[in-house]
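Novice: Quick one, structure for this:
(chains A and B)
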Amino acid sequence: MPSDTILLLGVNHKTTPLAVREQLALGKGYAEPLHALRDIAGCKECYLLSTCNRVEILMIAQENDQVEDHITELLFGTSVAPEHRQNYLYTYRNLEAVHHLFMVATSLDSMIVGEAQILGQLKEAYRHATESKYTGPILNKLLHKAFSVAKRVRSETQIGASAVSISYAAVELAKKIFGTIEDKTVLLIGAGEMAELAAEHLVGQGVHKVVVVNRTLSRAMDLAKRFNGSAASLEELFPQLEQADIVISSTGAPNIILHKQDMKPIMRARRNEPIFFIDIAVPRDLDPGLNDLDNVYLYDIDDLQNVVEVNKSERDKEAIKARRIVDEEALRFQAWLDGLAVVPTIAALRKKADDICQGELERTLCRLHLTPDEQKCIERMALSISSKLLHDPLTYLKEASCRDQNNIKVEMIRAAFGLGEEP
Amino acid sequence: MMDETSHFLFYMVLGTSLLALVVYGVFFVNQRERLRHLARQALLAAGVLQTLYILLRYLEAGYTPITSQHETIVFFAWSVTWAYLSFRWRYTVKNFGLFITAFVCILLLIASISPRAINPLAPALQSLWLPVHAGIAVISYGFLALAFCGGIMYLLQEHELKSKRFGFFFTRLPSLDALDQLNSHCLAIGFVLLTLGIITGSIWARQAWGTYWHWDPKETWSLITWFLYAAQIHQRFSAGWRGKRAAVMAIIGFSSVLFTLWGVTFLLGGIHSYAQ
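Specialist: Coordinates of the predicted model:
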């Protein structure tokens, strides 16, 4: 059987700096990239995950030399010269790919190990892929498995207990800058999901006030209502910055929305009150030069990783346990996949039997003039003869004990029943 | 006999201060709460011993021991220690004790190599103004030294936050806001005392030398120091100078204090330089 490969290609926060990730062609939206992936020759099923920390493509494809190149080309577009791509890209096949997907789903591969956001993002990505029917039997099974592995890890280990996420790191930093955050004001620029999560955490830590600034005011008002805060339009950003202490920016804007030059007069108006910017948008919303200003602290997603490293060791123990679960489940999936090798043969065998039954029944029944009830009886008899005959060869094919010999078994059955070469 | 007791007491002071420093140092590294308690006890003991040493010296000499190099520095160390302890009593600034104790130990080590002989008091200094003027001035230095140490800690922590590489200091140093408030409080107290020190000095000068102001190097440098701090406090209230700038100013201001204390005496001389 010229088997299909499970191919996983991607870049993440470990391999690729933010500046490069921002430029990726596949990093924007789902619909178009998925469509482009589907059009690659040899692609049978595909799925794309795009978060601010990673872009990963999972594809079931008939392996040929070009598939990988095509995906790489799509992923990087014109942003990275071909000779540098290998520095950023990782490629996994089959078992390794499954393993990696499970690592991602269980958040073991996350910037902040144990955070729960990734599972939601994975489900979201899967929804996009299924809506356009880009996934098939293998990916459907694989992703559902990934979700259940994530659930298992969460319930069997303490990995999520310290509930660490970007927002957790942000709170730690805010406390080092402000001492206490209880009398501080949080300004959300953009009403994205990430910003919402971060704000939720800050409010949980007792932040005094939340202000939401968004391009569409209605969305800002919705979010503000959740936190008993106030809303403002994007035009009011600068006056709002004079009041805020912690700013979380996550707009989808393609360009920088706040430059160093804009911030200088604002700092004067603030009388140099310290201000803490967290830029979780990709591409970046805030000018990296802001960090050079006195009393301005700017962190983007990559920077936050460092904060997390500080208290990482406690979670490492739980991570080992979680990793074992992932290993186990990946092997289990591999077994299922191996079993899948016999599926086309089983189907072909069933089809052949059905065809023979149907053919013979038609010929016989039109010569006999039977009542409908009698016809049904004959049909039932034919079907049960064929299925009883098939029972043994099918059991033999499905037998789990000698999976490694699947190829031999398939060949033998195909020859014996005259099913021809595998498609 | 008294002389020996005095020597012994000084080494006790030095020993307990160094002990406090070592314990604070170990606490800084491993952050065990029990050690901090111990270090604080040691520093408190050092503070009490310093007080006893100064009292003993007062009895020995018959005047407030704040004239010679050795005496001034011990008094300086005493004022830093008690300024910190009084502060500590009101609110805590994480690991501030280590920096203060290190500073106190440096002062005491300098004092230990300065001549400890008791000289008869110069006629010009035989006045009630001596403890008042010199005492207030050196106590103000104590609070300014706190601002200086806080400034150094601020710069260290700010560097960690700005460079985003969280090393050794990040978790161990307090928040920037705490350090900035410390700076503001210590300067407020230190500046008021410094002003009083200059005013009392001026009144004394009128009595001793006939004019309020002499433009003697020490007076000039005190005035420079005063202006540095005055400018900083003014800027904090008017233009919101805070954070890094305030920390740097506290360090510059304190350098000027140190120069007034030592630089003037050894480099510039003048009629104020009794402590030779």
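Novice: switch to C-alpha atoms for all contacts and neighbour counts from now on
Specialist: Fine.
Novice: Quick check: closest non-adjacent residue to the residue in the stretch 1-150 of chain B that chain A sits nearest to.
Specialist: The stretch 1-150 of chain B approaches chain A most closely through B:Val93 (10.5 Å), counting by Cα to the nearest Cα. Among residues not flanking B:Val93 along the chain, B:Pro174 sits closest, at 6.4 Å (Cα to Cα, 6 or more residues apart in numbering or on different chains).
Novice: got it, and B:Ile251?
Specialist: Nearest one to B:Ile251, counting by Cα to Cα, 6+ apart, is B:Phe148 at 5.1 Å.
Novice: Just give me the neighbour total for the residue lying closest to A:Leu18 once chain neighbours are set aside.
Specialist: Nearest residue to A:Leu18, sequence neighbours excluded (Cα to Cα, 6+ apart): A:Asp302, at 6.8 Å. Residues lying near A:Asp302 (other Cα atoms under 10 Å in any protein chain shown) number 17.
Novice: didn't A:Asp302 look like it was pressed against A:His13?
Specialist: Yes - judged on Cα atoms under 8 Å, A:Asp302 makes contact with A:His13 at a distance of 7.2 Å.
Novice: By mean pLDDT, flag the weakest helix or strand of the chain.
Specialist: Here I'm looking at chain A. helix A:301-310 (a mean of 68; mean pLDDT, DSSP states H and E).
Novice: wait, I meant chain B there
Specialist: helix B:168-172 (a mean of 82).
Novice: which helices and strands does that helix pack with?
Specialist: Counting by 3 or more Cα pairs under 8 Å, 6 or more residues apart in numbering or on different chains; DSSP states H and E, the packing neighbours recorded for helix B:168-172 are helix B:135-163.
Novice: quick one: buried residues of the helix it packs on?
Specialist: B:135-155, B:157-162 (16 or more other Cα atoms under 10 Å in any protein chain shown).
Novice: coming back round to it: summarise which helices and strands the next helix or strand after the least confident helix or strand of chain B is packed against.
Specialist: Next along the chain after helix B:168-172, taking DSSP states H and E as the criterion, comes helix B:176-209. Under the contact criterion of 3+ Cα pairs under 8 Å, 6+ apart, helix B:176-209 touches helix A:166-178, helix B:129, helix B:135-163, helix B:217-238, helix B:244-258.
Novice: Going by neighbour count, list what's buried in helix B:176-209.
Specialist: B:176-180, B:182-188, B:190-191, B:193-198, B:200-205.
Novice: and B:Arg242, how many residues sit next to it?
Specialist: When neighbours are counted by other Cα under 10 Å, B:Arg242 registers 26.
Novice: List the residues that contact it.
Specialist: For B:Arg242, the contacting residues are A:Asn272, A:Glu273, B:Asp180, B:Arg236, by Cα atoms under 8 Å, 6 or more residues apart in numbering or on different chains.
Novice: Helices of the stretch 101-250 of chain A, residue ranges please.
Specialist: A:117-131, A:137-156, A:166-178, A:193-204, A:217-226, A:237-241 (DSSP state H, counting those that start in this stretch).
Novice: could you give the mean pLDDT of the fifth one?
Specialist: Averaged across helix A:217-226, the pLDDT comes to 84.
Novice: in that helix, what counts as buried?
Specialist: So for helix A:217-226, counting by 16+ other Cα under 10 Å, buried means A:Leu217, A:Arg219, A:Ala220, A:Met221, A:Leu223, A:Ala224.
Novice: Spell out the residue ranges of the strands in chain A.
Specialist: A:4-12, A:43-50, A:54-62, A:90-93, A:185-189, A:209-214, A:230-233, A:246-249, A:275-279, A:296-300 (DSSP state E).
Novice: just so I know, which of those strands lies nearest chain B?
Specialist: Of all those, strand A:296-300 sits nearest to chain B, with 6.6 Å by Cα to the nearest Cα.
Novice: what residues does the closest one touch?
Specialist: So strand A:296-300 is in contact with A:Pro274, A:Ile275, A:Phe276, A:Phe277, A:Ile278, A:Asp279, A:Ile280, A:Pro288, A:Leu290, A:Asn291, B:Leu161, B:Lys162, going by Cα under 8 Å, 6+ apart.
Novice: Where does pLDDT dip in the chain?
Specialist: I went with chain A, as the question did not name one. For chain A, the stretches flagged by pLDDT under 70 are A:1-3, A:25-28, A:111-113, A:160-167, A:192-194, A:305-315, A:400-404, A:422-423.
Novice: that's the other chain; I wanted chain B
Specialist: Using pLDDT under 70, chain B drops low at B:1-2, B:89, B:269-276.
Novice: In contact with the residue most central in space within it: list those residues for me.
Specialist: Closest residue to the average C-alpha location of chain B: B:Gly142 at 2.9 Å, with Cα atoms, centre = their mean. By Cα under 8 Å, 6+ apart, B:Gly142 lies in contact with B:Phe76, B:Ala77, B:Ser79, B:Val80, B:Thr81, B:Ala83, B:Gly190.
Novice: follow-up on the earlier one: list just the nearest of the contacts of strand A:296-300 to A:Arg38.
Specialist: For the contacts of strand A:296-300, the residue nearest A:Arg38 by Cα to Cα is A:Ile280; the value is 29.9 Å.
Novice: My read is that the closest one contacts A:Ile248, right?
Specialist: Yes - applying Cα under 8 Å, one finds A:Ile280 in contact with A:Ile248, separated by 7.2 Å.
Novice: Mutual contacts of these two, please.
Specialist: Residues touching both A:Ile280 and A:Ile248 (Cα under 8 Å, 6+ apart) are A:Ala195.
Novice: Give me the contact list for stretch A:364-377.
Specialist: By Cα under 8 Å, 6+ apart, stretch A:364-377 touches no other residue.
Novice: Okay, now it: how far is its last residue from its first?
Specialist: 13 Å (Cα to Cα, to the nearest Å).
Novice: repeat for stretch A:248-261
Specialist: End-to-end for stretch A:248-261, by Cα to Cα: 19 Å.
Novice: Ok, stretch A:249-258 next?
Specialist: Stretch A:249-258 end-to-end distance (Cα to Cα) = 10 Å.
Novice: And for stretch A:103-117?
Specialist: Distance between the two ends of stretch A:103-117: 14 Å, counting by Cα to Cα.
Novice: what's the burial count for the closest residue to A:Lys123 other than its chain neighbours?
Specialist: Among residues not flanking A:Lys123 along the chain, A:Phe147 sits closest, at 8.0 Å (Cα to Cα, 6+ apart). Counted by other Cα under 10 Å, the residues lying close to A:Phe147 total 17.
Novice: which SS state does the residue of the stretch 1-150 of chain B closest to chain A fall under?
Specialist: coil (DSSP: H, G, I helix; E, B strand; the rest coil).
Novice: Quantify the burial of it by counting its neighbouring residues.
Specialist: As a measure of burial, B:Val93 has 15 neighbours, counting by other Cα under 10 Å.
Novice: And for A:Ser107?
Specialist: Counted with other Cα under 10 Å, A:Ser107 comes out at 25.
Novice: Next, name the residue at the spatial heart of chain A.
Specialist: A:Leu122 (3.3 Å).
Novice: Surely it is in contact with A:Thr106?
Specialist: No - if you go by Cα under 8 Å, A:Leu122 and A:Thr106 don't touch, sitting 10.3 Å apart.
Novice: Run through the residues that contact the residue in the stretch 51-200 of chain B positioned nearest to chain A.
Specialist: The nearest approach of the stretch 51-200 of chain B to chain A comes at B:Ser175, 4.2 Å away (Cα to the nearest Cα). By Cα under 8 Å, 6+ apart, the residues touching B:Ser175 are A:Lys175, A:Lys176, A:Ile177, A:Phe178, A:Gly179, B:Gln157.
Novice: Domain map for chain A?
Specialist: A:4-162, A:166-309, A:356-417 (automatic domain parsing).
Novice: Switch those domains over to CSV; also include distance to A:Gln334.
Specialist: Converted to CSV, the domains of chain A look like this (distance: least, Cα to Cα, whole Å):
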stretch, distance to A:Gln334
domain A:4-162, 6
domain A:166-309, 33
domain A:356-417, 11
